[in-house]
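*Asks:* The following comprises the amino acid sequence and a computationally predicted model.
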Amino acid sequence: MKRLPRIEQYGLIGDMQTSAHVCDDGSIDWLCLPRFDSPAVFAGLLGTQKHGTWQIAPAPPSGRSDAGAVAERRYCGDSLVIESVWRTPTGSVRVLDFMPPRNGAPQVIRIVEGMTGEVPMVSALRPRPGYGRVSPWIHEVGGRMVAEAGADALWLDTCVRQVEKDGVIVSAFAVAAGQSVAFVLSWCPSHATAPEIPDPEAALTETLAFWQNWTQECTYDGPYREPVVRSSIALKAMTYGPSGGIVAAPTTSLPEEIGGGRNWDYRFTWLRDASTTLAALLGTGYQQEAQAWRRWLLRAAAGDPENLQIMYGITGERDLRERELTWLPGYEESTPVRVGNGAADQLQLDVYGEVIETLYLAHQSGVAHCADTAVLHQRLIEHLAQRWQEPDEGIWEIRGARRHFVHSKVMAWVAIDRTICLAEAGALDMDLDTLVELRKTIHHEVCTKGFDPVRNTFTQSYGSKELDAAALLIPRVGFLPPDDPRVIGTVDAVRRELSTPDGLMRRYPTIGDDTGMDGLKGDEGTFILCSFWLVDALALIGRFDEAHALFERLLALRNDLGLLAEEYDPVQQRQLGNFPQAFSHMGLIQSAQLLHLLSTQSSLHRGAVAVPVPRPPAGWPRQTCKDLTSQHA
């Protein structure tokens, strides 16, 4: 039984409808078919090999149980094709893993190529549908191996001999220099006609061409282009192509603390996560994804924006009820393993701000006006105007009592502010006087009730002593200018109380075995997105050297394939949480954009920052309206 790898040992392949996690030992340990949110057919990531894996690797040397990790691994150029190379005493071999953009059955293709000498290889496919719970019926049909269980059928095609042994489809073979052997795993409904036998080499050519063409559309040409492009690819991979919905992450229940219970299913579309992801992609020139997401939003909200959920299924499903998979032991025994997400029923007022900010940025980026979206926008604002004074569960989806979270109120202000900007530009027909008054009211309340004048910092919620990393967004969204003493005080206080010695940020205080303000026990790692927020805040208040140093530190946290999870444990020096995480890659892109913009603004100087940019890139903390300055109480 192999030891479960660290999260960062995995790479991602996908077809914009689902994805697979490929370990550096040649094993695929997570694959949901046919969609991101379908039950996994390989769930070894949340258990053991018996819960489903597919490993292709050199045959283990005598006396060893495995061949060990690859000698080197990379993505082929700007693509989602992983190239893994092993060097053995008898020769060297590489494996290309990818999922072609779907045009029919979903497929995982693995091409084994001999480089030097001759290398004995083994493919061992252990399908276990139903999140590792079901042992399928494995049999041969016309020379092809098929594993069937209930509604699912997995077809494995290859030119080498396949045998079934104890529920595992095994192929032992050898490749010499210049030879190649391909394996193709295809899914289809068990009652349907068998999928066509594919051409692996043609599929590889088409897949590489797809990603090359897509990445060429990226307009970002500043420093850090490589991590920006890689993060953009990761975000594209987490987009469900048929609907435009974007998952927060393609995994469930990877823990925020090893052995802890903070394990959640992220294979859904959060309005917040999707909105900010689209803002990052808009800033790198991708408009088609914004248009697709806008259509998804219209379908998800339907004719009932008053009952807007904070998250939906990837095609707009509303029923995301949460349950536990008790037969899975969890990643490194971190239980429970959950599917579904009870946060779908929460009130999170900040999502109005993120959604409307993205609609505003789409307009600024030249995305064509949509009359239906304008109607939805108006109704969302009308609903927010009625509810913004209520307590909510906030951005961190607490499972304790609702509070008046400062970040939620700030984002309500953002929603009103961007609406005013669109109305002033003639893109919306709304009562400006009422909106301007509401914007002033929200701003005054936050500055009065959400600010601690003794410590010179905004707090997590009205009247609380706790601080929250989300307060670092106050200058970025334009709520206060970066040179405001309250902003500088907040940055210093949050950094002092929530950062680790190496500068990484926690979201908010947790208290171990006791139940914290979030209604949960246990601790968690540092939150990668919050650390990018600190990069932005430091840059905006003029501490450029510190901002660049922290950004470089965060880039070093990426794995060898440039991927980031949700969190990082600076003590054990490992990634934590669902992987890869859209929030983390979105934060990387936006921080790179901001650092580049600040470095190119000749009018900037250390200290106060004032950047009047008429058409800002995604997320830039501009003065959004002509009278914004007069509101800064």
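*Replies:* Good, I have the coordinates. Treat the numbers as computed from the prediction; the structure is a model and nothing was measured.
*Asks:* what are the C-alpha coordinates of stretch 160-177, in CSV please?
*Replies:* Once non-C-alpha atoms are left out, stretch 160-177 reads as follows in CSV (Å, rounded to 0.1, in the frame of the first residue of the first chain):
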residue,chain,number,x,y,z
VAL,A,160,-0.9,-4.2,-25.3
ARG,A,161,-2.4,-7.2,-23.5
GLN,A,162,-4.8,-6.5,-20.7
VAL,A,163,-5.8,-8.9,-17.9
GLU,A,164,-8.2,-8.5,-15.0
LYS,A,165,-6.8,-9.6,-11.6
ASP,A,166,-8.7,-9.0,-8.3
GLY,A,167,-10.6,-6.0,-9.8
VAL,A,168,-7.6,-4.4,-11.4
ILE,A,169,-6.9,-4.2,-15.1
VAL,A,170,-3.2,-4.9,-15.5
SER,A,171,-0.9,-4.5,-18.5
ALA,A,172,2.8,-5.4,-18.3
PHE,A,173,4.8,-4.3,-21.3
ALA,A,174,8.2,-2.8,-22.3
VAL,A,175,9.0,0.3,-24.5
ALA,A,176,12.3,0.8,-26.3
ALA,A,177,13.7,4.0,-27.6
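*Asks:* average pLDDT for stretch 197-206?
*Replies:* Taken as a whole, stretch 197-206 has a mean pLDDT of 95.
*Asks:* Contacts only, for the closest residue to residue 98 other than its chain neighbours.
*Replies:* Leaving aside its chain neighbours, residue 98 sits nearest to residue 81 (4.2 Å; criterion: Cβ to Cβ, 6 or more residues apart in numbering). C-beta: built from backbone N, CA, C; applies to glycine. Residue 81 sits next to 13, 75, 96, 97, 98, 204, 207, 208, 211 when contact means Cβ atoms under 8 Å, 6 or more residues apart in numbering.
*Asks:* and what of residue 139?
*Replies:* Listed by Cβ under 8 Å, 6+ apart, the contact set of residue 139 reads 145, 146, 148, 164.
*Asks:* and what of residue 463?
*Replies:* Residue 463 sits next to residue 449 when contact means Cβ under 8 Å, 6+ apart.
*Asks:* Same question for it, what's its three-state structure.
*Replies:* Per DSSP: H, G, I helix; E, B strand; the rest coil, the secondary structure class of residue 463 is coil.
*Asks:* Start the count at 34 instead of 1 going forward.
*Replies:* In the new numbering, first residue 34, that becomes residue 496.
*Asks:* and it, how far is that from residue 454?
*Replies:* According to Cβ to Cβ, to the nearest Å, residue 496 stands 32 Å off from residue 454.
*Asks:* Against residue 330, how distant is the closest residue to residue 174 other than its chain neighbours?
*Replies:* Take residue 174 and drop its neighbours on the chain: the residue closest to it by Cβ to Cβ, 6+ apart is residue 227, 6.9 Å away. For residue 227, the distance to residue 330 (Cβ to Cβ) stands at 38 Å.
*Asks:* out of the two, which sits in the busier spot?
*Replies:* residue 330 (27 against 15; other Cβ atoms under 10 Å).
*Asks:* quick one, what contacts that one?
*Replies:* So residue 330 contacts 304, 388, 406, 409 (Cβ under 8 Å, 6+ apart).
*Asks:* Closest to residue 158 out of the residues you listed?
*Replies:* For the contacts of residue 330, the residue nearest residue 158 by Cβ to Cβ is residue 304; the value is 37.9 Å.
*Asks:* The closest one touches residue 384, doesn't it?
*Replies:* Yes. Residue 304 lies in contact with residue 384 (Cβ atoms under 8 Å); the separation is 4.4 Å.
*Asks:* State the number of residues packed around the residue nearest to residue 485 when sequence neighbours are not counted.
*Replies:* Once flanking residues are discounted, residue 485 sits nearest to residue 492: 5.3 Å by Cβ to Cβ, 6+ apart. The number of residues packed near residue 492 is 22, by other Cβ under 10 Å.
*Asks:* I'd like the distance between residue 492 and residue 441.
*Replies:* For residue 492 relative to residue 441 (Cβ to Cβ), the value is 13 Å.
*Asks:* before we move on, what about residue 360?
*Replies:* 38 Å.
*Asks:* Which one's more surrounded, the two?
*Replies:* residue 441 (29 against 13).
*Asks:* quick one: that one and residue 430 touch, right?
*Replies:* No. Using Cβ under 8 Å, residue 441 is not in contact with residue 430; the gap is 11.6 Å.
*Asks:* can you give me the helices for this structure?
*Replies:* Assigned by DSSP state H, the helices in the chain fall at 162-165, 233-248, 258-270, 304-315, 321-334, 383-397, 404-420, 439-457, 465-482, 518-531, 561-573, 577-588, 615-633.
*Asks:* Ranking helices and strands of the protein by mean pLDDT, which lands last?
*Replies:* helix 321-334 (a mean of 86; mean pLDDT, DSSP states H and E).
*Asks:* picking up where we left off before, would you check which pair of the contacts of residue 330 lies furthest apart?
*Replies:* Longest distance between any two of the contacts of residue 330 is 13.9 Å, between 304 and 406; criterion Cβ to Cβ.
*Asks:* These two: which is more packed in?
*Replies:* Looking at residue 304 and residue 406 with other Cβ under 10 Å, you find the greater number of neighbours at residue 304, namely 22 against 18.
*Asks:* ok, back up a step: quickly note the distance from the residue nearest to residue 131 to residue 153.
*Replies:* For residue 114 relative to residue 153 (Cβ to Cβ), the value is 25 Å.
*Asks:* can you check residue 539 too?
*Replies:* To residue 153, residue 539 is 48 Å away according to Cβ to Cβ.
*Asks:* of these two, who's got more company?
*Replies:* When neighbours are counted by other Cβ under 10 Å, residue 539 comes out ahead of the other of residue 539 and residue 153, with 22 against 17.
*Asks:* Give me the pLDDT value at that one.
*Replies:* 95.
*Asks:* wait, isn't it in contact with residue 564?
*Replies:* No. In this structure residue 539 lies outside contact range of residue 564 using Cβ under 8 Å: 9.4 Å.
*Asks:* What residues of stretch 284-303 count as buried?
*Replies:* By neighbour count on 16 or more other Cβ atoms under 10 Å, the buried set for stretch 284-303 is 284-291, 293-303.
*Asks:* how many neighbours does the nearest residue to residue 247 once chain neighbours are set aside have?
*Replies:* Among residues not flanking residue 247 along the chain, residue 269 sits closest, at 6.6 Å (Cβ to Cβ, 6+ apart). Residue 269 sits with 20 neighbouring residues when counted by other Cβ under 10 Å.
*Asks:* what's the pLDDT at residue 269?
*Replies:* For residue 269, pLDDT reads 96.
*Asks:* That one and residue 209: what is the separation?
*Replies:* 37 Å.
*Asks:* Please enumerate the shared neighbours of residue 304 and residue 384.
*Replies:* Joint contacts of residue 304 and residue 384 (Cβ under 8 Å, 6+ apart) are 341, 343.
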